[in-house]
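sequence below, structure please.
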Amino acid sequence: MGRAEDLAARLDRPMGVLGILFLFIVLAQLLATDPVLLTVLTVLGWAFWAVFAAEFLLRAYVAGFQQAFWKRNWWQVIFLLVPFLRFFRALQALRIWRVARLARYGGVLSAGIRGTRSAGRLLSSRIGWLSAVPAVTVLASSQLLYISGSYGSYTDALPDAALATITGRELSVDDGFARLLHVLLAVYSVVVFATLAGSLGAFFLRT
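Here you go, the predicted model:
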């Protein structure tokens with residue numbers, strides 16, 4: 001068990017780098033139009049998924065597959081399974097769920113959450129982590145706005161998502177999904193930037 005624990009600890013930083021890269025691969029998949037490039041990105045995406053799944057199983061093994069581990073990490077299991085939704089053709093035939101779109105939403109959310117966790121692994125400073133998280137949030141939220149159809153162009157979704165994340169400003173579109181996301185981003189901007197301001201103030205007081 002000791003070797004497995006050592007390996008899991010050593011994987012923290014490399015997995016953090018892969019988590020950030022995965023976020024950009026998901027973004028590139030959304031924007032790619034060339035079939036060859038899209039195929040390459042899809043293969044890369046599945047390769048990254050296999051690495052994440054293997055790392056998760058390693059950590060489960062280190063934890064002894066105990067119930068406490070699964071209770072603490074159940075959400076990771078969901079995000080690891082989300083990509084397989086696209087293969088459930090039976091659900092698509094029933095037209096109960098738009099499975100392909102749901103899988104894309106799940107892929108973006110998974111990449112965003114993994115990118116946030118990766119920033120935590122790579123940045124030991126709380127201020128550095130709080131500064132990196134908004135960038136990940138902007139990338140994830142802009143992708144969600146684009147794949148939802150709220151914006152016809154990603155170049156329009158990106159700056160609007162950035163302003164909503166940083167300042168809480170309303171999005172320029174007014175459909176149901178955009179309104180919901182705007183509320184979440186507005187709450188996020190207040191909480192995260194208030195925490196960042198408090199951390200910066202505490203840092204300068206200590207110095």
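
neighbours around T116, how many?
19 (other C-beta atoms under 10 Å). The C-beta positions use only the backbone N, C-alpha and C, and glycine is treated the same way.

residue contacts, it?
133, 136-137 (C-beta atoms under 8 Å, 6 or more residues apart in numbering).

hmm, 7 Å instead?
133, 136 (C-beta atoms under 7 Å, 6 or more residues apart in numbering).

which element is it on?
helix 99-122 (DSSP states H and E).

ok, now V133?
helix 126-147.

just checking, what packs against the strand or helix carrying F22?
According to DSSP H and E, F22 maps onto helix 12-31. Secondary-structure packing of helix 12-31 (3 or more C-beta pairs under 7 Å, 6 or more residues apart in numbering; DSSP states H and E): helix 35-62, helix 99-122, helix 126-147.

any chance of JSON lines for those, columns distance to R13?
Putting those into JSON lines (distance: least, C-beta to C-beta, whole Å) gives the following:
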{"stretch": "helix 35-62", "distance to R13": "12"}
{"stretch": "helix 99-122", "distance to R13": "6"}
{"stretch": "helix 126-147", "distance to R13": "14"}
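
may I see those helices arranged in CSV, with distance to L180 and mean pLDDT as well?
Below are these laid out as CSV (distance: least, C-beta to C-beta, whole Å; pLDDT from 0 to 100):
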stretch, distance to L180, mean pLDDT
helix 35-62, 27, 87
helix 99-122, 12, 70
helix 126-147, 10, 80
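
can you tell which of the ones you listed is closest to Q76?
Q76 lies closest to helix 35-62 among these, at 6.0 Å (C-beta to C-beta).

who touches the closest residue to Y154 other than its chain neighbours in this structure?
Closest residue to Y154 in three dimensions, ignoring its sequence neighbours and counting by C-beta to C-beta, 6 or more residues apart in numbering: Y146, at 4.7 Å. With contact set as C-beta under 7 Å, 6+ apart, Y146 has these partners: 30, 154, 157.

report the central residue of this protein.
Closest residue to the average C-alpha location of the chain: G112 at 1.2 Å, with C-alpha atoms, centre = their mean.

ok, that one to G152 distance?
22 Å (C-beta to C-beta, to the nearest Å).

over to A50?
According to C-beta to C-beta, A50 stands 34 Å off from G152.

buried ones in the one helix or strand N73 maps to, by neighbour count?
Using DSSP H and E, the element containing N73 is helix 67-81. Neighbour counts over helix 67-81 (16 or more other C-beta atoms under 10 Å) mark 76, 79-80 as buried.

now that helix and helix 35-62, what's the angle there?
Here the directions of helix 67-81 and helix 35-62 differ by 170 degrees (axes from the mean of the first three to the mean of the last three C-alpha atoms, to 10 degrees).

so what's the closest residue to L44 other than its chain neighbours up against?
Excluding the flanking residues, the one nearest L44 by C-beta to C-beta, 6+ apart is I25, at 5.5 Å. By C-beta under 7 Å, 6+ apart, the contact set of I25 is 41, 44-45, 48.

just the buried ones from those?
41, 45, 48.

neighbours of T165, how many?
With other C-beta under 10 Å as criterion, T165 counts 26.

is it in a helix, a strand, or coil?
Three-state assignment for T165 (DSSP: H, G, I helix; E, B strand; the rest coil): helix.
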